[in-house]
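S.K.: I would like the atomic coordinates for the input below:
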Amino acid sequence: MMQHGCLCANKLLIKRIKRHSLSNSAHDILHLRRGDVVDEYDTNIDRMREYFECSFNGTNNLGYNLTLLLTSNEKDMDYRKNIIELADDYNHVAIMDADKTVKTVIREATRNGVLDKHVDNNYFVFEVESILSDWSSDFVKFHFVRRRSSCANCIPLAKILAKEDSADAKD
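M.R.: Below is the predicted model:
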């Protein structure tokens, strides 16, 4: 049941994300590891603003919008809200709280009888959310990751996505 439930929830999740995304949007993961490692690298709001200014430079010329799916172990709702609001500086970028969206999809699916009630738990949330962090997923085009193993000052996103788009056009 867990495997079937996960597939069902993943389909509902992707449908919900697409419905709430900017039109003509590529989807990207924005994973911010905080909590136990917050002192090891800087993910405060001002630093993230600088990171986005550099990383989004030139992305307005790609011909499509970007919807970032925020995943984080951060519990401070004001911090999460402020990160999401950083997208307001760009007319082609939106940030969606993927953690909240996953929990909402599961809660609604259990309430409507689409999923068994026993799957409304943190383990199942993690399983469903793993579709977003799957590096081989066609749904997610890019991963912004800020954690111990990946904490670059800037990601040349326009160059990376243009190269991917060029490779996709050849296929």
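S.K.: mind listing what's buried along stretch 107-116?
M.R.: For stretch 107-116, the neighbour count (16 or more other C-beta atoms under 10 Å) marks 109-110, 115 as buried. No exception for glycine: its C-beta is placed from N, CA and C like everyone else's.
S.K.: how far out from the middle of the chain is that stretch?
M.R.: 23 Å (C-alpha atoms, centre = their mean, to the nearest Å).
S.K.: stretch 43-54 too?
M.R.: Counting by C-alpha atoms, centre = their mean, stretch 43-54 comes out at 16 Å from the chain centroid.
S.K.: alpha carbons of that stretch, as PDB, please.
M.R.: Output of stretch 43-54 as PDB, limited to C-alpha atoms (Å, rounded to 0.1, in the frame of the first residue of the first chain):
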ATOM      1  CA  THR A  43      21.600  31.400   4.900                       C
ATOM      2  CA  ASN A  44      20.200  34.500   6.500                       C
ATOM      3  CA  ILE A  45      17.800  36.600   4.500                       C
ATOM      4  CA  ASP A  46      20.300  39.200   3.300                       C
ATOM      5  CA  ARG A  47      22.800  36.500   2.200                       C
ATOM      6  CA  MET A  48      20.100  34.600   0.400                       C
ATOM      7  CA  ARG A  49      19.000  37.900  -1.300                       C
ATOM      8  CA  GLU A  50      22.600  38.300  -2.600                       C
ATOM      9  CA  TYR A  51      22.700  34.600  -3.600                       C
ATOM     10  CA  PHE A  52      19.500  35.000  -5.700                       C
ATOM     11  CA  GLU A  53      20.700  38.300  -7.300                       C
ATOM     12  CA  CYS A  54      23.800  36.500  -8.500                       C
END
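S.K.: quick one: contacts of it?
M.R.: With contacts defined as C-beta atoms under 8 Å, 6 or more residues apart in numbering, stretch 43-54 is touched by 32-34, 79, 82-83, 86-87, 89-90, 93, 146, 153-155.
S.K.: mind running it again at 6 Å?
M.R.: 32, 82, 86, 146, 154 (C-beta atoms under 6 Å, 6 or more residues apart in numbering).
S.K.: name the nearest of the buried residues of stretch 107-116 relative to residue 59.
M.R.: Closest approach to residue 59 among those (C-beta to C-beta): residue 109, at 33.5 Å.
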